[in-house]
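Undergrad: I would like to see how this sequence folds:
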Amino acid sequence: MDRLTLHEDPRSGNCYKIKLTAAMLGLPLEVRQYDIMKGETRTPDFLAQVNSNGRIPVLQIGDRFLPESNAACWFLAEGSDLIPGDRFLRADMLRWMFFEQYNHEPNVATLRFWLHFIGEPNLSDQQRAQLIAKRIAGCDALTLMDRHLSDRDWFVGTGASLADIALYAYTHVAEEGGFGLGDYPAIGRWLERVSTLPGYVPMS
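TA: Alright, predicted model coming up:
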């Protein structure tokens, strides 16, 4: 495989997904760090050379650049046990990865960023007006996950998949956004299972 470089901010769960996937697969991954709080992904050089959308993570494969965390995880894991061989299970895995980006991340991760890194006193009026709605939507996402995990160990099939990695990233730090993980016992047991997987690395 070509040389792999992750353009990242280590505080980002989306970046962590890629690092965790690579670690679990034993793939060497170099990192180049940016501070999103200082606008380092919005510079003309970054926009021209790394990602015209001005966002991280971006996985660089040789001289090619692949934005979007779940796409990067798929690239790394294709052909491995982290992607089910069964056609339905593979599609079901994608269902949970889409759920993560549409229902989970915009609420759980956004509140973590706003409250833990920006700080509530520094939020704009527009951000403050969204706090309750994002809290409700984030709790709804966690409740759905907890219910799904109540009678199974993993989100799809009988082993860990990219669905688990994608959802683990921001779930295990959800308390930094004010979500009480003690309210979700099945999620708690699942978080422990993920943290004991071979190759697991903690978030920086």
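
Undergrad: endpoints of stretch 25-44, how far apart?
TA: This stretch, stretch 25-44, spans 34 Å end to end (Cα to Cα, to the nearest Å).

Undergrad: actually, stretch 47-65.
TA: One end of stretch 47-65 to the other measures 12 Å (Cα to Cα).

Undergrad: against the centre of the chain, work out the most remote residue.
TA: What lies farthest from the middle of the chain is Asp125; by Cα atoms, centre = their mean that is 27.0 Å.

Undergrad: dump the residue contacts of Leu47.
TA: Under the criterion of Cβ atoms under 8 Å, 6 or more residues apart in numbering, the contact list for Leu47 reads Gly54. All C-beta atoms are positioned from the backbone trio N, CA, C, and that covers glycine.

Undergrad: and it, what element?
TA: Using DSSP states H and E, Leu47 sits in helix 44-49.

Undergrad: swap in Arg147?
TA: helix 131-149.

Undergrad: show me what that helix is packed up against.
TA: The contact analysis (3 or more Cβ pairs under 8 Å, 6 or more residues apart in numbering; DSSP states H and E) places helix 131-149 against helix 110-112, helix 162-171, helix 185-195.

Undergrad: the residue nearest the centre of the chain and His7: what is the separation?
TA: Against the mean C-alpha coordinate of the chain, by Cα atoms, centre = their mean, the closest residue is Asn14 at 3.7 Å. Look at Asn14 and His7: by Cβ to Cβ, to the nearest Å, they are 12 Å apart.

Undergrad: which residues are common contacts for the two?
TA: By Cβ under 8 Å, 6+ apart, Asn14 and His7 have these common neighbours: 56-57.
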